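*Asks:* Following is a predicted model, sequence given first.
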Amino acid sequence: MAATQLRLSELKRKTTFDLAPDAPTRKAIADRLGILGVKKLTFKGALLPTGKADWTLDGRLGATVVQACVVTLDPVTTRIDEDTTRRYLAEMPDINDAPDSEMPEDDTAEDMPEILDLAMVMEEALALALPPWPRAPGVEPVEIAVTEPGQTPLSDEDVKPFAALKSLQEKLKGNDPGDA
């Protein structure tokens with residue numbers, strides 16, 4: 001079992017952790033996440049017993065990542081500092097599988113794994129914290145319009161919910177019944 005893997009059933013009290021992957025491990029993480037690089041990465045915190053059999057992980061993720069700008073593909077460096085909480089439950093609450101049921105508000109609860117891999121929790125937390133649309137400084141969003149040849153592409157105005165209503169309102173203003 002790796003040093004980052006813990007068997008929760010064998011833990012008896014609060015357990016602290018402090019992960020700081022080396023350069024080859026950070027490179028492997030960057031490759032798996034599809035980003036240009038991970039310059040720094042730390043994950044510190046504690047596993048705390050909750051109730052008779054449950055555990056809570058409270059951690060702090062710190063990272064400096066490099067991603068490609070979504071417009072220019074230039075490297076964009078971002079600093080991430082984020083708290084992470086996971087609750088590992090021996091018995092998950094019953095969730096209704098009906099199609100119209102809502103997602104539970106508590107998105108930190110998970111089934112208790114036999115072995116908890118802190119490195120995997122760190123990588124998942126990093127993946128969730130990455131900026132989804134990194135932009136180089138000064139780069140504005142790009143508007144792309146694609147359509148069949150000879151057709152007018154839809155604009156942002158065309159797809160807004162009230163654009164058609166506004167157009168109808170303007171047509172009605174120009175169609176005065178007294179003009180007939």
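*Replies:* The structure has been received and is ready for your questions.

*Asks:* Next, the contact list for the residue most central in space within the chain, please.
*Replies:* Central residue of the chain (Cα atoms, centre = their mean): Leu128, 3.1 Å from the mean position. Not one residue lies near Leu128 by Cβ atoms under 8 Å, 6 or more residues apart in numbering. Using the backbone N, CA and C atoms, a C-beta is placed for each residue, glycine as well.

*Asks:* Quick check, pLDDT for it.
*Replies:* pLDDT recorded at Leu128 is 95.

*Asks:* Surely Ile29 is within a strand?
*Replies:* No. Assignment of Ile29 by DSSP: H, G, I helix; E, B strand; the rest coil gives helix, placing it outside any strand.

*Asks:* what number of residues lie near it?
*Replies:* Look at Ile29: counted by other Cβ atoms under 10 Å, it has 21 neighbours.

*Asks:* so where's this protein shaky on pLDDT?
*Replies:* 1-2, 94-106, 142, 155-159, 161, 163-164, 175-180 (pLDDT under 70).

*Asks:* Please identify which helix or strand holds the nearest residue in space to Pro131 that is not next to it in sequence.
*Replies:* Leaving aside its sequence neighbours, Pro131 sits nearest to Thr78 (Cβ to Cβ, 6 or more residues apart in numbering; 5.6 Å). For Thr78, the host element (DSSP states H and E) is strand 75-89.
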